[in-house]
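Colleague: task: produce atomic coordinates for the following.
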Amino acid sequence: MPARASTSAASIAPRVGASRTRQGRCAHSSTRVPRSSAVASAGGGAVVVLGTDEADMRVTAQAVRDAMPSCLLLCVLHDDRDGLTRGGVEHALELGPWEGCYRLVGASGEDAAVVATDPTEGLARSLGLVPVLCVVGVARETCLGEDANGARTTRAARRAAVAGVPTIAVSVPTRSPDAPAAPAASALARLLRAVARVVRTDAPANCPRSHFPFPTRGRWSAVGTDQLPLDAALAAQLFARDVGDFAAEDCWSLGGPLHAAAHAQTPNANGGEVGNAPTRLTPAEAREVLRDAFREGDVFLSVSVPPRWDVEAGGRFAAARPGVLWRQQTARAAYPNEHDGGDGIDGIDGGSSTSRDLWGRTLPVQSLGDARAGEAGARFVRQLATEAAVNGRSEAASTSTSERRRRSPPRGFRIGPGTVVADDSAGGDVDVVMGNKAAVCAAQTWPHGHAFSLLDHVAAEALREDPGTGLPLWLCE
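Modeller: Numbering: from 1, shown residues only. Model prediction:
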């Protein structure tokens, strides 16, 4: 069981009523890397830019300079690799190709985000800076729909947001090295001008992070209140505490007052519900919560810009949410010989079932920037759910000694990109990008149900657009 740090009541008590918003602090510590004259002379708020490609980072850095001239730049190049380094492995820090740029050798984007933004001994702190914003990209990677969760760009952005730094992830949704980064940089510059009016540019609002009191307005930490009522039985279960638990007397562990526990012990006239009546914030109040959440790193922006987006030709933004797409047939069975199983296209019995498929359909193909899907390159896509249901009934009627059940397993499997299938979804980022607009999603830093995650009606307000630009309205007020 992991140890929990406890702090004396005397040292905690004066902070219990403190505001969730913290004053940023300028870090001062011994410098472990060469301090550039530009960094040393000014100090204060800095925008961290993370990326893998030197040329693309120059374009991104220029967009940041144009939109936020009062901020310093701290650029960190890293390798194009997955994961977060564990086990105390040291990554060497080298001077980059220009002043204010560094290279973290052998590091992933997640590593670079942690190193750059850590408020204790991170790179910004070592240079006497405080990060007021982090920009990840411009990257060439698909951060749309379900793909966004596993994307390296998204994972790096989430690491920076967890540190309490307002963060923007910007990508061109393709892995093609020939896709231009300039359109995404232009979109970023326009977005940054709006962001600069929302965040503090002198010091971060929540880095280092405040542990308490938890933000409750429009957040899941309000569970058991009028914002998110519970029935009495569930509230009693959720807020029951062992009287011997030291955390019950320790505000550091609690994260705030037990407002909901007090409700749980007091019946009310609302049919036994805890929370007298369900309440919803007004749209304006919800947008205020979104701005607070972004400042505090509890929400970050994920921006996907199609490669043909052109601001001079009237390129527009759209407030978006994750669209609906998935990949079919990413796993292909490899059998000992070509005759037995062939290409393993169905991943189950090793043979192509296209000729006997009665439920699939031929779908048109749409590329980035195309006005609509076309027949060129159209392909047959199996309806796997229907196929599985019918085959399941057939197998249930067969004996356990059937040839299919007695087959030897494949020698291995090939994992590929499969066939990407997308369905229409109102406000989906996939739909937006296919319409040649730049999709701006308010991505939640924390898992659904986490104390800092947004309630659904607040998250939905992020889809309301500014009529003039298409940007989320909460960024433009």
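
Colleague: can we go C-alpha only for contacts and neighbour counts from here?
Modeller: Will do.

Colleague: could you pull out the helices in the stretch 151-300 of the chain for me?
Modeller: Secondary structure of the stretch 151-300 of the chain (DSSP state H, counting those that start in this stretch): helices at 152-162, 182-195, 232-239, 251-254, 259-264, 283-295.

Colleague: can you add mean pLDDT and distance to V421 and give these back as JSON lines?
Modeller: Compiled in JSON lines, the helices of the stretch 151-300 of the chain are given as follows (pLDDT from 0 to 100; distance: least, C-alpha to C-alpha, whole Å):
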{"stretch": "helix 152-162", "mean pLDDT": "97", "distance to V421": "21"}
{"stretch": "helix 182-195", "mean pLDDT": "96", "distance to V421": "25"}
{"stretch": "helix 232-239", "mean pLDDT": "90", "distance to V421": "40"}
{"stretch": "helix 251-254", "mean pLDDT": "49", "distance to V421": "45"}
{"stretch": "helix 259-264", "mean pLDDT": "43", "distance to V421": "44"}
{"stretch": "helix 283-295", "mean pLDDT": "98", "distance to V421": "31"}
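
Colleague: and those helices, which is most packed in?
Modeller: Highest mean neighbour count among the helices of the stretch 151-300 of the chain (mean count of other C-alpha atoms under 10 Å): helix 152-162, with a mean of 27.

Colleague: contacts for that one next, please.
Modeller: With C-alpha atoms under 8 Å, 6 or more residues apart in numbering as the test, helix 152-162 has contacts from 81-82, 109-114, 117, 134-137, 139, 141, 143, 148-149, 166-171, 297-300, 302, 445.

Colleague: filter the residues you listed to the buried ones?
Modeller: Taking 16 or more other C-alpha atoms under 10 Å as the criterion, what is buried in these is 82, 109-114, 117, 134-137, 139, 141, 143, 148, 166-171, 297-300, 302, 445.

Colleague: show me these that map onto strands.
Modeller: Counting by DSSP state E, those place 134-137, 139, 167-171, 299-300, 302 in strands.

Colleague: out of those, which comes closest to F212?
Modeller: Nearest to F212 among those: V299, at 17.9 Å, using C-alpha to C-alpha.

Colleague: state the distance from V47 to G83.
Modeller: Using C-alpha to C-alpha, to the nearest Å, V47 is found at 23 Å from G83.

Colleague: the two: which is more packed in?
Modeller: For V47 versus G83, neighbours defined as other C-alpha atoms under 10 Å are more numerous around V47 (26 against 13).

Colleague: who does the more buried one bridge with?
Modeller: Beta-bridge pairing for V47 (DSSP bridges): L73, L133.

Colleague: for it, what are its contacts?
Modeller: For V47, the contacting residues are 64, 71-74, 131-135, by C-alpha under 8 Å, 6+ apart.

Colleague: out of those, which is most surrounded?
Modeller: The most crowded member of the contacts of V47, judged by other C-alpha under 10 Å, is P131 (32 neighbours).

Colleague: you'd agree V76 is up against V49?
Modeller: Yes: using C-alpha atoms under 8 Å, V76 is in contact with V49, at 6.2 Å.

Colleague: who's in contact with stretch 51-67?
Modeller: When contacts are defined by C-alpha under 8 Å, 6+ apart, stretch 51-67 is touched by residues 47, 49-50, 71, 73, 75-80, 109, 136-139, 181-182, 185-186, 188-190, 192-193, 196.
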